[in-house]
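Colleague: generate a structure from the sequence data that follows.
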Amino acid sequence: MRALDRTTWTLTWRLTRAGGRTGLLATGLAVAAAAISTALLLVCVAANLGFQQRADRTDWRNPVKSAVPVAVEAVGTTFTGGTPVTVVDVARLPGKQAPAPPGMSRFPKPGEVWVSPALAGLLDHLPADRHPVTGTPEGTLGRAALTHPGELVAVVGHQPTDAAVTTAREDDPRRPGDIITPTRIADFTGRPVMYGIGGQYVDLAKIATILVVIPLLVLGASSARLSVSRRDQRLAALRLIGATPGRVAAMTAAEAALTGTAGALLGAAGYALLLPAAAQISVAGGSWYLADLWVGLPVLLAVPAGVVAMVVVSALLGLRQVVVGPLGVARRSQPPRMSFLRALAFVAVIIGYSWFTRNKKSEVDGVLLFFAAVFLALSVIGPWVVGVLGRIISAKARTPATLLAGRRLLDDPKSGWRTVSGLTLAGFVAGFFALFSVSGTSPWGSPDTLAVAVPKSRSAVVQQEARHRLEHAGITATVSTGIDWVAVGGRRGQRPNHH
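Modeller: Have a look, this model is predicted:
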C-alpha cells in the first residue's frame with residue numbers, strides 16, 4: 001500500500017501519543033489483549049505438540065512383526081508401591097546386528113538392565129528384595145525412550161532362548177500397550193497405540209485449545225475495534241480536511257500493527273517465561289520435558305504474525321464508516337443493521353455439524369473442527385440476535401425506559417453482544433459437556449472391593465487361589481470375575497490413572 005509511507009507512520013505515532021489518558025488506556029488494553037492472546041495460543045499449540053511428541057516416543061514399545069527380524073521384543077508391566085513400571089525385554093537373534101533401542105547408546109547384553117532416571121532413583125531407596133526388576137542397572141535411558149521425566153521404565157537384555165522373549169503373553173484390551181507378546185522385529189520404529197488414556201488426553205487437549213482459541217480471537221478482534229472506535233472522531237476530521245480513504249485506512253492499519261506487534265512480542269516473551277512452570281504441571285501421569293513444550297521457531301513466528309494480522313483486519317473492518325462517511329461519524333448517525341446472512345451462516349454450520357456427527361462419528365478431528373465452527377458461529381450470530389431483540393423491544397415498548405433500552409440495542413447491537421457474549425459462550429460450553437454422562441460413583445467399584453487384572457486364561461486359577469487364601473485367613477468375601485476397568489495406583493499426591 002503506497003499510503004504506508006513515512007508521513008503515515010509519523011502521523012500515526014503522533015496521534016497515538018496525543019490521545020490523552022483515555023487514548024493511552026485504550027492502546028494499552030489493545031496491547032494487553034494481543035499479549036494474552038499470543039501467550040495462551042502458544043501454550044495451547046505447545047500442549048498439542050507436546051502430547052504428540054510423547055506419543056511418538058512410546059511407539060517403539062509397540063513392536064511391528066517383521067519377515068526379516070534381527071531381534072525379539074516383549075513388553076510387560078509390573079508395579080512398585082502401586083506405581084506401574086514398564087519392562088521391555090529384548091534379545092538379539094543369533095548372527096544378527098540389531099540397532100540400539102531408543103534412548104540407549106547400544107543394544108543391551110544378556111543380563112543387562114537399563115533404567116529410566118526416575119526408576120534409578122527409586123531403586124536406590126528400595127531394598128533389593130523389593131526391586132521391580134532384577135539385576136544391577138548398567139545404563140540410564142535417555143529422553144527418546146520415555147514419555148515424561150518421572151516415567152518408570154526398564155529395558156532388560158536376554159538370550160534369544162530365554163522364557164521372557166519366547167513365552168507368549170496374553171494382552172489386556174483394557175490396558176493397551178501394557179502387555180506385548182514377544183515379537184520378532186527388524187527395528188525399533190514400532191507403531192502408535194491406537195487406544196488408551198493417552199489418546200483421551202490428546203482429544204481433551206484439542207477441545208481445550210478450541211475453548212481457548214475462539215474466545216481469544218473474539219477478544220482480540222473486539223479490543224482492536226474498540227480502540228479504533230475511540231479515534232473515529234479524529235480520523236473523520238482528517239477525512240473532512242482532505243485525507244484520502246487510503247491514507248486513513250493506512251493510518252489505522254499502522255496503529256493496529258504497532259499495538260498488535262507490541263502485544264504479540266510481549267505474549268511470546270511471556271510464553272517463554274511460562275515454559276519452566278508449565279513443564280512442572282503433571283498431566284497424563286507425569287510432568288513434561290521442557291523441549292516437549294517448545295513450539296519451535298516457525299510456530300513461534302507464525303502465531304504472533306497471525307495475531308497481528310487479526311488485529312489489523314479487525315481494525316480495518318471497524319473503520320468502514322469513517323472511510324465511507326465521515327459526516328455520519330461526526331453526527332453519530334445510526335449504524336447499519338446486522339445482515340440476515342449472519343443467521344443463515346449460523347444455521348448452515350449447525351446443519352453441517354448435525355450431519356457430520358450423525359454420519360462420521362469415528363472421525364474425532366472432524367467433529368472437533370465442526371464444534372469449533374459452531375463455537376465461532378455464536379459470535380457471528382450474536383450481534384444479529386441482539387439487533388432483532390432491540391427491534392422487538394422497541395416495537396412493543398410501553399414505557400420510555402423500555403423504548404430507550406430497545407433503541408440502544410438496535411443502534412449498537414455489537415456493543416450489547418459484547419456485554420453478554422462471555423456468559424453466552426460459557427453457557428454453550430456447559431451445555432456441550434452436559435451431554436456427557438458423568439457418574440457420581442467410582443468406575444472401579446466400592447471401597448471394599450479389590451480388583452486384579454489377570455490374563456483370561458489364568459482367571460480360574462487366580463480365582464481359586466484367592467478363595468483359598470481368604471478362607472485360610474478367615475475372611476468372608478465373594479470372589480468373582482468381571483470385565484470392569486482396572487485402577488492402577490499413582491504416586492503420593494497424584495490421582496490414579498485408569499485403563
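Colleague: give me the buried positions along whichever strand or helix holds residue 261.
Modeller: Element membership of residue 261 [criterion: DSSP states H and E] is helix 245-279. Judged by neighbour count (16 or more other C-beta atoms under 10 Å), helix 245-279 contains these buried residues: 247-268, 270-271, 274-275, 278-279. Where you see a C-beta, it was placed from the backbone N, CA and C, and this is true even at glycine.
Colleague: swap in stretch 285-301?
Modeller: Applying a neighbour-count criterion of 16+ other C-beta under 10 Å, one finds 285-286, 288-289, 292-295, 300 buried in stretch 285-301.
Colleague: and for that stretch, what are the contacting residues?
Modeller: Residues from elsewhere that reach stretch 285-301, judged by C-beta atoms under 8 Å, 6 or more residues apart in numbering: 42, 45-47, 49-50, 53-54, 143, 147-151, 268, 275-276, 278-281, 303, 490, 497.
Colleague: stretch 153-170: end-to-end distance?
Modeller: 20 Å (C-alpha to C-alpha, to the nearest Å).
Colleague: for that stretch, give me every contacting residue.
Modeller: By C-beta under 8 Å, 6+ apart, stretch 153-170 touches 72-74, 76, 85-94, 101, 104, 107-116, 119, 132-133, 135, 141, 145-146, 179-182, 455-457.
Colleague: and the residues you listed, which of them are in strands?
Modeller: 72-74, 76, 85-92, 113-115, 180-182 (DSSP state E).
Colleague: with only the CA atoms kept, save stretch 391-404 in CSV.
Modeller: Output of stretch 391-404 as CSV, limited to C-alpha atoms (Å, rounded to 0.1, in the frame of the first residue of the first chain):
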residue,chain,number,x,y,z
ARG,A,391,-36.2,-4.2,17.2
ILE,A,392,-38.8,-6.3,19.1
ILE,A,393,-38.4,-4.4,22.4
SER,A,394,-38.7,-1.0,20.6
ALA,A,395,-41.9,-2.1,18.8
LYS,A,396,-43.5,-3.5,21.9
ALA,A,397,-42.3,-0.7,24.3
ARG,A,398,-45.0,0.8,26.6
THR,A,399,-42.7,3.0,28.7
PRO,A,400,-39.9,5.5,27.8
ALA,A,401,-37.3,3.4,29.6
THR,A,402,-38.2,0.2,27.6
LEU,A,403,-38.1,2.2,24.4
LEU,A,404,-34.7,3.7,25.2
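Colleague: residues in contact with that stretch?
Modeller: Outside stretch 391-404, the residues that reach it (C-beta under 8 Å, 6+ apart) are 405-407, 409-410.
Colleague: buried among these? Make that a PyMOL selection.
Modeller: Typed into PyMOL, the next command selects the buried ones out of these (criterion: 16+ other C-beta under 10 Å):
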select buried, resi 405+406+407+409+410
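Colleague: what average pLDDT does stretch 264-284 get?
Modeller: Mean pLDDT, computed over stretch 264-284, is 89.
Colleague: give me the buried positions along the one helix or strand residue 347 maps to.
Modeller: Residue 347 belongs to helix 341-359 when assigned by DSSP H and E. For helix 341-359, burial by neighbour count (16+ other C-beta under 10 Å) applies to 342, 345-346, 349, 353, 356.
Colleague: select from the contacts of stretch 285-301 every entry located in helices.
Modeller: 42, 45-47, 49-50, 53-54, 268, 275-276, 278-279, 303 (DSSP state H).
Colleague: show me which pair in the residues you listed is furthest apart.
Modeller: Pairwise distances across the ones in helices among the contacts of stretch 285-301 peak at 23.8 Å for 54 and 268 (criterion: C-beta to C-beta).
Colleague: which helix or strand contains the residue nearest the centre of the chain?
Modeller: A centroid search over the chain (C-alpha atoms, centre = their mean) returns residue 205, at 2.7 Å, as the residue closest to the centre. Secondary structure assignment for residue 205, by DSSP H and E: helix 197-229.
Colleague: thinking again about what came up before, pLDDT wise, what is the residue nearest to the centre of the chain at?
Modeller: With respect to pLDDT, residue 205 has a value of 74.
Colleague: ok, it touching residue 49?
Modeller: No - judged on C-beta atoms under 8 Å, residue 205 makes no contact with residue 49 at a distance of 9.7 Å.
Colleague: mind giving me the domain split of the chain?
Modeller: Split into domains by automatic domain parsing, the chain comes to 1-58+197-206+221-333, 63-185, 336-441, 456-498.
Colleague: which among those domains is found nearest to residue 191?
Modeller: Using C-beta to C-beta, the nearest of the domains of the chain to residue 191 is domain 63-185, at 5.5 Å.
Colleague: centre of the chain to stretch 274-288, how far?
Modeller: 13 Å (C-alpha atoms, centre = their mean, to the nearest Å).
Colleague: pull the CA atoms of that stretch into CSV?
Modeller: Written as CSV, here are the backbone C-alpha positions of stretch 274-288 (Å, rounded to 0.1, in the frame of the first residue of the first chain):
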residue,chain,number,x,y,z
LEU,A,274,6.0,-19.6,31.5
LEU,A,275,7.7,-22.7,30.0
PRO,A,276,9.6,-23.8,33.1
ALA,A,277,6.5,-23.5,35.3
ALA,A,278,4.3,-25.2,32.7
ALA,A,279,6.7,-28.1,32.4
GLN,A,280,6.2,-29.0,36.1
ILE,A,281,2.4,-29.5,35.6
SER,A,282,1.6,-33.2,35.9
VAL,A,283,-0.6,-34.4,33.0
ALA,A,284,-1.3,-38.0,31.9
GLY,A,285,0.9,-39.5,34.5
GLY,A,286,3.8,-37.0,34.8
SER,A,287,5.4,-33.7,34.1
TRP,A,288,7.0,-32.6,30.9
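Colleague: leaving out chain neighbours, which residue sits closest to residue 77?
Modeller: residue 178 (4.3 Å; C-beta to C-beta, 6 or more residues apart in numbering).
Colleague: ok, the one you found to residue 85 distance?
Modeller: 11 Å (C-beta to C-beta, to the nearest Å).
Colleague: residues shared between the contacts of these two?
Modeller: In contact with both residue 178 and residue 85: residue 77, using C-beta under 8 Å, 6+ apart.
Colleague: next up, the contacts around residue 65.
Modeller: 183-185.
Colleague: tell me the mean pLDDT over the helix or strand that contains residue 383?
Modeller: In the assignment (DSSP H and E), residue 383 maps to helix 364-396. Averaging pLDDT along helix 364-396 gives 79.
Colleague: for it, what is the distance to the chain centroid?
Modeller: 25 Å.
Colleague: how big is the angle separating the helix or strand following that helix from helix 364-396?
Modeller: Remark: after helix 364-396, the chain's next helix or strand is helix 400-411, criterion DSSP H and E. Angle of helix 400-411 versus helix 364-396, following axes from the mean of the first three to the mean of the last three C-alpha atoms, to 10 degrees, is 140 degrees.
Colleague: OK, contacts around residue 118?
Modeller: Contacts of residue 118 by C-beta under 8 Å, 6+ apart are 149-152.
Colleague: swap in residue 305?
Modeller: Neighbours of residue 305 in contact, by C-beta under 8 Å, 6+ apart: residue 264.
Colleague: wasn't it part of a strand?
Modeller: No - under DSSP: H, G, I helix; E, B strand; the rest coil, residue 305 falls outside any strand and is assigned helix.
Colleague: which of the contacts of stretch 153-170 count as buried?
Modeller: Applying 16+ other C-beta under 10 Å to those flags 72-74, 76, 85-92, 101, 104, 107-108, 112-116, 119, 132-133, 141, 145-146, 179-180, 182 as buried.
Colleague: where does residue 77 land on pLDDT?
Modeller: 87.
Colleague: quick one: it and residue 86 touch, right?
Modeller: Yes - in this structure, residue 77 is within contact of residue 86 by C-beta under 8 Å, at 5.9 Å.
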